[in-house]
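> Give me a 3D structure for the following:
(one chain, ligands or ions: 3)
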Amino acid sequence: MNHSKINGLYVITDPWLCPNETIIDKVAAAIAGGAKIIQYRDKTQSMAVQKKIASQLSQVCHQQGALFIVNDSLELAQYSQADGIHLGKNDSNLSKARACLGKEAIIGISCYDSIERALEMQKLGADYVAFGRFFASQTKPDAPQASLRTLQNSQRHLQIPVVAIGGITPQNGAQLVSAGANSLAVIHAVFGQANIQESAQALSDLFHANKSL
Ligand SMILES: Cc1ncc(COP(=O)(O)OP(=O)(O)O)c(N)n1
Ligand SMILES: Cc1ncsc1CCOP(=O)(O)O
Ligand SMILES: [Mg+2]
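Numbers count the residues shown, from 1 in each chain. Ligands and ions are numbered 1, 2, ... in the order given. Next up is the predicted model:
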């Protein structure tokens, strides 16, 4: 996998903020605003419905040049021809996912606030790791807290890209990019806003602003 693909704004869908009738248009607006990676995350609907939506999203993302990642489900990632999968500590393990999806698949792993877990996952062949949540999250308030120090340390210890997640907004995101996040993963600050394209653009701009420092 080309590590430079994991860069910039990473948006994650939410079943309440992105109902089936509008999810395609909302994702297209996020891509128009600069989102580079889209994750389909839905723990509420049947697998049959998720397969239909994920297949449509996969097509749209590929037409628009964005990466399409599925949360949690190997079956769904395979079925929808996703570029990869995101797995946490309660999901399938990395070796099983690699065997199932192949060497080109992007496999991202949640590491919460643990550099040790990130190092282990890097060794096992993860394509990126995610730390967070960094700020209060309306979407997942009970997610474990991560510190800025972890992100700074990750720069010294990890060769694979690092994604930051949790309560990220255009106002608080710059410090995470400066601390070493290659990508910012966001739900509410994009899909919970009235203007999705402009909200995505404000977060995408954080990456360009950082380059000129
Ligand atoms: C990019 C990204 N980072 C972290 C997560 C959280 O994954 P996980 O810990 O498995 O929790 P759920 O999302 O499954 O509730 C993620 N999905 N994406
Ligand atoms: C899935 C997940 N894992 C840690 S925080 C989080 C939710 C992120 O959503 P938001 O950007 O709305 O805080
Ligand atoms: Mg999960």
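> Would you mind confirming that Asn153 makes contact with Ile115?
Yes - when contacts are counted by C-beta atoms under 8 Å, Asn153 is listed as touching Ile115 (5.5 Å). All C-beta spots, glycine's among them, are computed from the backbone N, C-alpha and C.
> Is Cys111 in a helix, a strand, or coil?
The three-state assignment at Cys111 reads strand, by DSSP: H, G, I helix; E, B strand; the rest coil.
> Enumerate every residue touching it.
Applying C-beta atoms under 8 Å, 6 or more residues apart in numbering to Cys111 gives the contacts Arg117, Ala118, Met121, Val129, Ala130, Phe131.
> quick one: Val190 and Ile31 touch, right?
No - at 10.8 Å, Val190 does not count as touching Ile31 under the criterion of C-beta under 8 Å.
> out of the two, which sits in the busier spot?
Comparing Val190 with Ile31 by other C-beta atoms under 10 Å, the one with more neighbours is Val190, at 34 against 23.
> if we can go back for a sec, looking at the contacts of Cys111, which is nearest ligand 3?
Ranked by distance to ligand 3 (C-beta to the ion), those are led by Ala130 at 10.3 Å.
> ok, and the closest non-adjacent residue to that closest one?
Of all residues not flanking Ala130 in the chain, Val163 sits nearest, at 4.1 Å (C-beta to C-beta, 6 or more residues apart in numbering).
> near ligand 1, which residues of this structure show up?
With C-beta under 6 Å from any ligand atom as the criterion, the chain meets ligand 1 at residues 10, 12, 39, 41, 71-72, 86, 88, 91, 108, 110, 130, 163, 165, 185.
> Pick the one among those residues closest to ligand 3.
Using C-beta to the ion, Gly88 is the member of those that sits closest to ligand 3, with 3.6 Å.
> picking up where we left off before, how close does the residue nearest to Ala130 get to Ile37?
In this view, Val163 and Ile37 are 8 Å apart by C-beta to C-beta, to the nearest Å.
> same check, this time on Gln78
Relative to Ile37, Gln78 is positioned 19 Å away (C-beta to C-beta).
> what about these two, which has more around it?
Ile37 (27 against 15).
> Going along the chain, name the helices of this structure.
Using DSSP state H, the helices found in the chain span residues 23-32, 47-63, 74-79, 94-101, 115-124, 148-157, 174-179, 188-191, 196-211.
> between the first one and helix 47-63, how many degrees?
Here helix 23-32 points in a direction 30 degrees away from that of helix 47-63 (axes from the mean of the first three to the mean of the last three C-alpha atoms, to 10 degrees).
> Which residue comes closest to Asn20 once chain neighbours are left out?
Excluding the flanking residues, the one nearest Asn20 by C-beta to C-beta, 6+ apart is Ile53, at 6.0 Å.
> Now for that neighbour: which residues touch it?
Asn20, Ile23, Tyr40, Asp42, Gln45.
> per-residue confidence at the first one?
If I follow you right, that is Asn20. Asn20 is assigned 98 on the pLDDT scale.
> Quickly note the distance from it to Asn90.
According to C-beta to C-beta, Asn20 and Asn90 sit 25 Å apart.
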